[in-house]
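> what's the 3D shape of this:
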Amino acid sequence: MRSIMHRSRSQAVACIFSLLLTLCFTTASMALDNLKLRTYSIVDPQMGIPAFHVLAPAGWLISGGLTWNPNLANLVTANVSITAPDQSVGFYVHPAPQYISGPIQRQWPTGQLYLGMIVTPMPNGPTEYVQQLLLPHQRPNAQNVRLVSEQDMSAWANRIAALSGQGTMSYGTRARFSYFEDGKKWEEDFYCAILVSGGPNQLWLADRNLSVRAEAGKLDTLQPLANAFVNSFKMNFSWFVRFVDTQRQWIAARNQGIADAGVLSDAISKSSEDFTQNLMKQWQQRTQAE
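Predicted structure coming up:
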């Protein structure tokens with residue numbers, strides 16, 4: 001009898017252990033499903049080819065895209081959202097126009113364009129840039145905005161600055177902000193690399209302007225996904241070549257005093273796809289740095 005009872009207890013324990021093990025494997029499988037990533041290619045509608053690629057979870061929704069503006073010095077900006085189907089989590093590529101600050105501010109009012117660059121006082125760092133310029137523009141309905149934390153990412157910014165040659169200063173951060181929007185409390189990590197060059201007037205821009213946001217309290221669990229998203233950002237070689245050629249034609253047209261939207265459109269359509277040695281060198285430097 002004791003042997004039978006012992007055997008029954010052993011079988012019961014084994015059954016419970018098996019059930020727990022199954023639950024563990026099921027939970028792990030669900031976690032892995034949540035970590036499945038795919039490459040999202042952001043197509044430039046003007047050129048008809050992808051401009052850049054990023055990694056994000058499979059099955060998410062993409063909106064926004066690239067915009068060409070003949071009034072801006074860098075001609076094209078990206079404003080892309082890749083969000084979960086329930087909108088509870090989102091990855092974002094924010095616009096990054098070029099700015100100018102310094103003595104020019106005595107002649108031109110803040111917010112005006114000077115040679116395609118926005119006249120704006122230099123922020124004290126990328127976190128201040130996010131708080132004063134980026135976040136109000138991209139999250140206009142945010143209320144009770146508060147800086148939660150910031151992490152220095154100068155090494156990341158230095159690698160990006162290597163693309164721009166000597167004389168470029170770089171500053172990088174991951175700044176977390178909390179705010180209320182649409183009745184929910186959100187937290188958002190902004191990854192920003194500010195590059196600065198020139199003098200006495202300083203030219204600066206956010207060469208990387210990315211963010212990941214989620215409902216409050218859930219952002220830390222998304223860190224592996226966020227790292228994959230931020231580090232996977234890569235420009236398309238073919239698009240880069242055509243963009244540089246278009247920008248060259250646009251600058252020539254502007255110098256002749258005939259820069260307008262029509263000239264820009266014509267330059268885009270006629271941009272060469274020949275991979276010149278100079279552009280190949282630029283691309284190799286960029287790829288190595290990334």
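
> secondary structure element for the closest residue in space to residue 117 that isn't next to it in sequence?
Closest residue to residue 117 apart from its sequence neighbours, by Cβ to Cβ, 6 or more residues apart in numbering: residue 100 at 4.1 Å. From N, CA and C alone the C-beta is placed, and that goes for glycine too. Using DSSP states H and E, residue 100 falls within strand 99-101.

> re earlier: which residues touch the residue nearest to residue 117?
114-115, 117-120, 198, 201-204 (Cβ atoms under 8 Å, 6 or more residues apart in numbering).

> can you pull up the bridge partners for it?
residue 119, residue 203 (DSSP bridges).

> mind checking how far it is from residue 112?
10 Å (Cβ to Cβ, to the nearest Å).

> okay, and the common contacts of these two?
In contact with both residue 100 and residue 112: 118-119, using Cβ under 8 Å, 6+ apart.

> Residue 225 belongs to a helix?
Yes. Under DSSP: H, G, I helix; E, B strand; the rest coil, residue 225 falls within a helix.

> Let me know the pLDDT of it.
Note on residue 225: pLDDT of 92.

> what number of residues lie near it?
A count of nearby residues for residue 225, using other Cβ atoms under 10 Å, gives 19.

> now swap in residue 221 and tell me
Quick note: residue 221 (other Cβ under 10 Å) scores 12 neighbours.

> Now it, what are its backbone angles?
Note on residue 221: its backbone torsions stand at phi -70, psi -10 [degrees, to the nearest 10].

> any idea how far it is from residue 253?
From residue 221 over to residue 253 (counting by Cβ to Cβ), the distance is 50 Å.

> try residue 173
Taking Cβ to Cβ, one finds residue 173 at 37 Å from residue 253.

> These two: which has the busier surroundings?
The neighbour comparison of residue 173 against residue 253 (other Cβ under 10 Å) goes to residue 173, with 24 against 18.

> Run me through the strand neighbours of the one helix or strand the more buried one maps to, direction for each.
In this assignment (DSSP H and E), residue 173 forms part of strand 169-181. Partner strands for strand 169-181, per DSSP bridges, with pairing direction: strand 143-152 (antiparallel), strand 184-197 (antiparallel).

> Could you look over these and pick the most buried one?
Compared across the strands paired with strand 169-181, strand 184-197 shows the largest average neighbour count, a mean of 22 (mean count of other Cβ atoms under 10 Å).

> And that strand, how far out from the chain middle?
Between the centre of strand 184-197 and the centre of its chain there are 9 Å (Cα atoms, centre = their mean, to the nearest Å).

> Likewise for stretch 192-210?
15 Å.

> and what of stretch 175-184?
19 Å.

> Any buried residues in it, and which?
For stretch 175-184, burial by neighbour count (16 or more other Cβ atoms under 10 Å) applies to 175-179, 181.

> need those residues in CSV with pLDDT and distance to residue 245, can you?
Supplementary listing: these in CSV, determined by pLDDT from 0 to 100; distance: Cβ to Cβ, whole Å:
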residue, pLDDT, distance to residue 245
175, 97, 36
176, 98, 39
177, 98, 39
178, 98, 44
179, 98, 41
181, 96, 41
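
> With respect to residue 233, which of the residues you listed is nearest?
Relative to residue 233, the closest of the buried residues of stretch 175-184 is residue 175; by Cβ to Cβ it sits at 17.7 Å.

> contacting residues around the closest one?
126-127, 130-131, 147, 149-151, 189-190, 192 are the contacts of residue 175 under Cβ under 8 Å, 6+ apart.

> how about a cut-off of 6 Å?
Each residue near residue 175 by Cβ atoms under 6 Å, 6 or more residues apart in numbering is listed here: 127, 130, 150, 190.

> same check, this time on residue 67
By Cβ under 6 Å, 6+ apart, the neighbours of residue 67 are residue 77.

> Check residue 96 too.
205-206, 209.

> Dump those into TSV; add pLDDT and secondary structure as well.
TSV is the format used below for the contacts of residue 96 (pLDDT from 0 to 100; DSSP: H, G, I helix; E, B strand; the rest coil):
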residue	pLDDT	secondary structure
205	90	strand
206	89	strand
209	94	strand
